[in-house]
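Enquirer: build me a structure from this.
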Amino acid sequence: MSMNYYGYEGNPMMQLPIDAQVVPRLTKKDQDEAQEVAQQFCKTYYETVQKKPHLVAQLYLQTPVLIWDGNPILSREQIQQFFEQLPSLTFNLMTMDAHPANPLAVGPRKTYIIKTAGLYRVSGPGSQKQFSQDIVLTAEGSNWRIASDTFRTIE
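Expert: The predicted structure follows:
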């Protein structure tokens, strides 16, 4: 067999270039903490988007990445402007899942990956639309901030 790009035989997605023994094991406590932090953060996030959109940018790091329906927004200032210009939104969160990010990928800073899905409605008459959202949430001092956020309307 020939070697692939990663120097391994076979499917590169099936083999990792990391010794499996150095990957930290996640405990139930880690998972439970991720869920608890995510639930609290999502409550704050969606309430802020709905009721105080002028404050949403404060939930992001100074150098975040937001992709909203394929449109990149790459600074806290642009995020502030974006949410202030959006029409009023109402969210109905249907599902939420979270897990700790691998510290080998993100470093020692505590980081969670949050996946949400549900329905949202733009102010005024109109039907609800489905959405999914992926948030990378990281600790910044004693606060949680969004490092990366991908929002997608499902049509």
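Enquirer: lowest mean pLDDT among the helices and strands of the chain, which one is it?
Expert: Here the helix or strand of the chain ranked lowest by mean pLDDT, DSSP states H and E is helix 103-106, holding a mean of 79.
Enquirer: show me what it is packed up against.
Expert: The criterion is 3 or more CB pairs under 8 Å, 6 or more residues apart in numbering; DSSP states H and E, and there are no helices or strands that helix 103-106 contacts. The C-beta positions use only the backbone N, C-alpha and C, and glycine is treated the same way.
Enquirer: quick one: residue 124 is in a strand?
Expert: No. Secondary structure assignment (DSSP: H, G, I helix; E, B strand; the rest coil) places residue 124 in coil, not in a strand.
Enquirer: burial measure for the residue lying closest to it once chain neighbours are set aside, as a count.
Expert: Nearest residue to residue 124, sequence neighbours excluded (CB to CB, 6 or more residues apart in numbering): residue 87, at 7.4 Å. Residues near residue 87, counting by other CB atoms under 10 Å, number 10.
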